[in-house]
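J.: Using only what follows, build the 3D model:
(one chain, ligands or ions: 1)
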Amino acid sequence: MENQKKVGREGDAVSQGEYREGASEAIAGLASRIVRRIGETGAIPFPKFMEMALYDPQAGYYAGRADQVGKAGDFFTSVTAGPLFGRLLASHIASWWQKSAQPGAWRIVELGAHDGTLAEDILSALRSAHPAAYAGVNYVILEPLERLAIAQRQRLAEFADRLTLTGDPASLAPLPGYLLANEVLDALPFHLVEATEDGWHELGVAISEDGSFEWRDLGPAPAITASLPLRAPGYRTEVRPGFVEFLQPLIATIQQGRMLWIDYGFERDDYYAEARTTGTLRTFRRHEAGEDPLSLPGTQDITAHVDFSAVMEAVESLGGSTLRFENQARFLTEVSRPWLLSLEGQTDPATMKLLRNFQTLTHPGQMGSRFHVLEVAF
Ligand SMILES: C[S@@+](CC[C@H](N)C(=O)[O-])C[C@H]1O[C@@H](n2cnc3c(N)ncnc32)[C@H](O)[C@@H]1O
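T.: Here you go, the predicted structure:
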């Protein structure tokens, strides 16, 4: 396999550093750490590069700030579309609580809570519309990044008596609980693989002679590609083989309960369809999608769709069962039925605004068909 892309490294990171004003030094530092790592070990697998680019504690894309999501950031999510998403999730969670013998002490666990907006929307809705459930709830944010934890603590100050912030799921004794995560699975590091004449090879990141990051063929990758179909040479895609290890400690926090994973993705046959020859890897910077994850690490998001078949298989191997896998439009339309019926005849501006929020979340041309919802029970 030939090296395919050459991109700027430290020099470019400094000269284009104005994207994150004042951050160019940190970004250059991050590039240097990646270069040093490659110098020590040779070409690194892409998950290592991605982990450093997104989660390096000093300058990783997610570690350094909390303004990536929303209009002034790099991309929108269902959370930034408005408060309705959180309200509908609160009502769905409250109905699970109602049907689960209404445990007196229970918890909601959120991963990837970003600046705490979804937690705030859910807790506000529980407090006002489901006070009996709110009375016993502990809202846990599993947050490994200190900078984001500070933002969450600030935003959720009024819920301080309900809130636990921890980076370690093992610190949570099992309780009845509901775990949720919006757009987290797509942000988990993934391997990049390419089909060759002699099967799947893994792509890693190396340094070219001119000092740029570049792709490098790391050789056959049977362990991580065992579940992939054979594809024509040149077909490139992504694979995340570690869902069992990722889910195990999370499931251990749930005595009895559910998990809700919302993200863009497909079942395996669709993900690895013959026609999808260049995979789903994307970068995002200032609402523009790109395809060069090696460019200026720390300044852009790196993401790939989720193979939901792999997640469901991991869940089932850990004793869980799939309750639903459907698109966001279908899920939210079902969950919002009582609310929609209660609106009949209302045309006040606040209601109309919420209805526009509903449309953004459910319209097939907006977020309705792109996002999928996987709900599992334990
Ligand atoms: C695309 S953002 C989504 C943010 C938010 N959930 C939303 O929908 O607006 C992905 C988030 O997942 C977080 N994340 C990634 N891996 C994580 C992990 N293992 N545990 C907790 N958070 C994680 C990132 O730090 C980032 O805040």
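
J.: Just the pLDDT at the residue nearest to residue 67 when sequence neighbours are not counted, thanks.
T.: Counting by C-beta to C-beta, 6 or more residues apart in numbering, residue 73 is the residue found nearest to residue 67 once chain neighbours are left out, at 5.2 Å. In short, each C-beta sits where N, CA and C put it, glycine included. On the pLDDT scale, residue 73 is placed at 91.

J.: secondary structure element for residue 73?
T.: Under the criterion of DSSP states H and E, residue 73 resides outside all helices and strands.

J.: Can you get me a residue count around it?
T.: When counting by other C-beta atoms under 10 Å, one arrives at 19 neighbours for residue 73.

J.: next one: phi and psi at it?
T.: Dihedral pair for residue 73: phi -100, psi -140, per degrees, to the nearest 10.

J.: Residue 372 now?
T.: phi -120, psi 150.

J.: ok, now residue 40?
T.: phi -80, psi -40.

J.: Compute the distance between it and the ligand, please.
T.: 25 Å (C-beta to the nearest ligand atom, to the nearest Å).

J.: can you check residue 64 too?
T.: The gap separating residue 64 from the ligand is 11 Å, by C-beta to the nearest ligand atom.

J.: Pick out the residue in this structure sitting closest to the ligand.
T.: residue 112 (2.8 Å; C-beta to the nearest ligand atom).

J.: At the contact with the ligand, which residues of this structure appear?
T.: Counting by C-beta under 6 Å from any ligand atom, the chain comes close to the ligand at 62, 69, 77, 79, 111-112, 114, 142, 144-145, 182-184, 187-188.

J.: Please enumerate the strands of the stretch 101-250 of the chain.
T.: With DSSP state E, counting those that start in this stretch as the criterion, the stretch 101-250 of the chain has strands at 106-111, 137-142, 163-166, 175-182, 191-196, 199-207, 213-220, 236-239.

J.: Outside of the third one itself, list whatever touches it.
T.: Which is strand 163-166. If you take C-beta atoms under 8 Å, 6 or more residues apart in numbering as the criterion, strand 163-166 is touched by 107, 119, 138-143, 149, 152-153, 156, 172.

J.: redo that, cut-off 6 Å
T.: 138-141, 143, 149, 156 (C-beta atoms under 6 Å, 6 or more residues apart in numbering).

J.: Can you add distance to residue 378 and give those back as TSV?
T.: Formatted as TSV, these follow (distance: C-beta to C-beta, whole Å):
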residue	distance to residue 378
138	18
139	19
140	16
141	20
143	22
149	26
156	26
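
J.: Least confident secondary structure element in this protein?
T.: None of the helices or strands of the chain scores lower by mean pLDDT, DSSP states H and E than helix 10-15, at a mean of 32.

J.: remind me, longest strand of the chain?
T.: Secondary structure of the chain per DSSP state E: the longest strand is strand 254-266.

J.: residue nearest the centroid of this structure?
T.: In the chain, the centroid-proximal residue (C-alpha atoms, centre = their mean) is residue 184; its distance is 1.6 Å.

J.: Show the contacting residues for it.
T.: 111-112.

J.: change it to 10 Å
T.: 110-114, 142, 246, 261-263, 306 (C-beta atoms under 10 Å, 6 or more residues apart in numbering).

J.: Could you list the low-pLDDT ranges of the stretch 151-300 of the chain?
T.: Within the stretch 151-300 of the chain, no range satisfies pLDDT under 70.

J.: where's residue 179 relative to residue 27, distance?
T.: 33 Å (C-beta to C-beta, to the nearest Å).

J.: same deal with residue 343?
T.: Separation of residue 343 from residue 27 (C-beta to C-beta) stands at 48 Å.

J.: The two - which one has more neighbours?
T.: Using other C-beta under 10 Å as the criterion, residue 343 and residue 27 rank with residue 27 on top: 25 against 15.

J.: mind listing what's buried in the helix or strand where that one lies?
T.: If you go by DSSP H and E, residue 27 is part of helix 24-41. Residues of helix 24-41 classed as buried by neighbour count (16 or more other C-beta atoms under 10 Å): 24, 26-31, 34, 38.

J.: Including pLDDT, could these go into a markdown table?
T.: Below are the buried residues of helix 24-41 laid out as a markdown table (pLDDT from 0 to 100):
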| residue | pLDDT |
| --- | --- |
| 24 | 81 |
| 26 | 86 |
| 27 | 87 |
| 28 | 90 |
| 29 | 93 |
| 30 | 95 |
| 31 | 95 |
| 34 | 98 |
| 38 | 98 |
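
J.: circling back to that earlier point, how close does the residue nearest to residue 67 sit to residue 286?
T.: For residue 73, the distance to residue 286 - C-beta to C-beta - is 8 Å.

J.: same check, this time on residue 210
T.: Residue 210 is 27 Å from residue 286, by C-beta to C-beta.

J.: Narrow the contacts of residue 184 to those that are buried.
T.: In the contacts of residue 184, burial by neighbour count holds for 110-114, 142, 261-263, 306, counting by 16+ other C-beta under 10 Å.

J.: ok, so of the residues you listed, who is nearest residue 348?
T.: residue 262 (29.3 Å; C-beta to C-beta).

J.: pretty sure that closest one is touching residue 86, no?
T.: No - counting by C-beta atoms under 10 Å, residue 262 stays clear of residue 86, with 12.0 Å between them.

J.: So for the two, which residues contact both of them?
T.: Shared contacts of residue 262 and residue 86, defined by C-beta under 10 Å, 6+ apart, are found at 78-79, 182.

J.: and those residues, which are buried?
T.: Those of those that meet the buried threshold are 78-79, 182, by 16+ other C-beta under 10 Å.

J.: can I get those residues in CSV with distance to residue 220?
T.: Shown next, in CSV, are these (distance: C-beta to C-beta, whole Å):
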residue, distance to residue 220
78, 39
79, 41
182, 36
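
J.: Quick check: nearest residue in space to residue 313, chain neighbours excluded?
T.: Excluding the flanking residues, the one nearest residue 313 by C-beta to C-beta, 6+ apart is residue 243, at 7.7 Å.
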